[in-house]
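Chemist: What follows is a predicted structure for the sequence shown.
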Amino acid sequence: MEAKDFIDSYWNYYIELENKLIRSQHYVAFHKRNNATFSNEYIELLQVICSEIDVVGKIIARHFNPAFVADKYTHINKWGFEVQQYLPLIQSVEVVFRFGYELKPWEKWIYTKNMQNRIVLDQSKKAESPFWWIAYNKVKHERTSIGVGKLPNYMRANQKCVIYALAALYVLEKHMLDEFSVNEDIFYEPSHLFRIKMLNYYIKNNDK
């Protein structure tokens, strides 16, 4: 994929999603006190952002490994494992959110292969799926079921989950932009919400 294609097809859409989240401030201010605030708007944002994460994750996996087959049956653990071969420090990436705090959207997200050569979460390192991804799946598949805290799952679509999910998408896409910029000058609208604090996330695993 060429840089222009990525910017036109993915980064510009990221900016549109970011603008939608920014507009939500008209109703709910960005503040940790509003972390648990939920709404139909947040349900929509969480679903479209996480869907785009799935799309972009597969694009990145195929970019670095042309043999990777991305289809509708390829789940996050498959493309996630591929992505982590080239972004081995992704779980440590810190993102500065312009409204007052820092976050690690991919924290504890680690995949490995077990003895049967299957891709699994490495529980020995206390790895776990991102809480916002769990929320996304619960809202998508079990929206009215009672979940954590005896509350319906649609309440998981809150401000905190949406901010973290968008930051996670930002990390993936910013990596690709930095990858392209190594070989050419590229121009794109910068994020108005996030910046990367830790820059060694793009180090590739050269032993692969």
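Modeler: Structure received.

Chemist: When you work out contacts or count neighbours from here on, use the C-alpha atoms and nothing else.
Modeler: Fine.

Chemist: Local confidence estimate at the residue nearest to A135 when sequence neighbours are not counted?
Modeler: Of all residues not flanking A135 in the chain, R156 sits nearest, at 5.5 Å (Cα to Cα, 6 or more residues apart in numbering). Confidence at R156, expressed as pLDDT, is 83.

Chemist: Helices of the chain, residue ranges please.
Modeler: For the chain, applying DSSP state H gives helices covering 3-6, 12-23, 40-64, 76-86, 131-141, 159-181.

Chemist: In a markdown table, list these along with mean neighbour count, mean pLDDT and distance to I119.
Modeler: As requested, the helices of the chain are arranged in a markdown table below (neighbours: other Cα atoms under 10 Å; pLDDT from 0 to 100; distance: least, Cα to Cα, whole Å):
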| stretch | mean neighbour count | mean pLDDT | distance to I119 |
| --- | --- | --- | --- |
| helix 3-6 | 15 | 92 | 28 |
| helix 12-23 | 16 | 98 | 28 |
| helix 40-64 | 19 | 94 | 15 |
| helix 76-86 | 20 | 90 | 7 |
| helix 131-141 | 19 | 89 | 18 |
| helix 159-181 | 21 | 95 | 20 |
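
Chemist: out of those helices, nearest to Y111?
Modeler: Between Y111 and the helices of the chain, the tightest spacing by Cα to Cα is seen for helix 76-86, at 5.5 Å.

Chemist: Give me the packing partners of that closest one, helices and strands only.
Modeler: Judged by 3 or more Cα pairs under 8 Å, 6 or more residues apart in numbering; DSSP states H and E, helix 76-86 is in contact with helix 40-64, strand 111-113, strand 119-121.

Chemist: what's the spacing between that helix and its chain's center?
Modeler: Centroid displacement of helix 76-86 relative to its chain, using Cα atoms, centre = their mean, to the nearest Å, is 12 Å.

Chemist: tell me the angle it makes with helix 131-141.
Modeler: Interaxial angle, helix 76-86 versus helix 131-141 (axes from the mean of the first three to the mean of the last three Cα atoms, to 10 degrees): 160 degrees.

Chemist: Next, the angle from helix 76-86 to helix 159-181.
Modeler: If you take the same axes, to 10 degrees, helix 76-86 sits at 50 degrees to helix 159-181.

Chemist: Keeping just the C-alphas, turn helix 76-86 into PDB.
Modeler: Below are the C-alpha coordinates for helix 76-86, written out as PDB (Å, rounded to 0.1, in the frame of the first residue of the first chain):
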ATOM      1  CA  ILE A  76      -8.200  -9.900  16.600                       C
ATOM      2  CA  ASN A  77      -5.900 -12.600  17.900                       C
ATOM      3  CA  LYS A  78      -4.700 -13.500  14.400                       C
ATOM      4  CA  TRP A  79      -3.900 -10.100  13.100                       C
ATOM      5  CA  GLY A  80      -2.900  -9.000  16.600                       C
ATOM      6  CA  PHE A  81      -0.200 -11.600  16.800                       C
ATOM      7  CA  GLU A  82       1.100 -10.400  13.400                       C
ATOM      8  CA  VAL A  83       1.100  -6.800  14.400                       C
ATOM      9  CA  GLN A  84       3.000  -7.500  17.600                       C
ATOM     10  CA  GLN A  85       5.800  -9.100  15.600                       C
ATOM     11  CA  TYR A  86       6.500  -5.700  14.200                       C
END
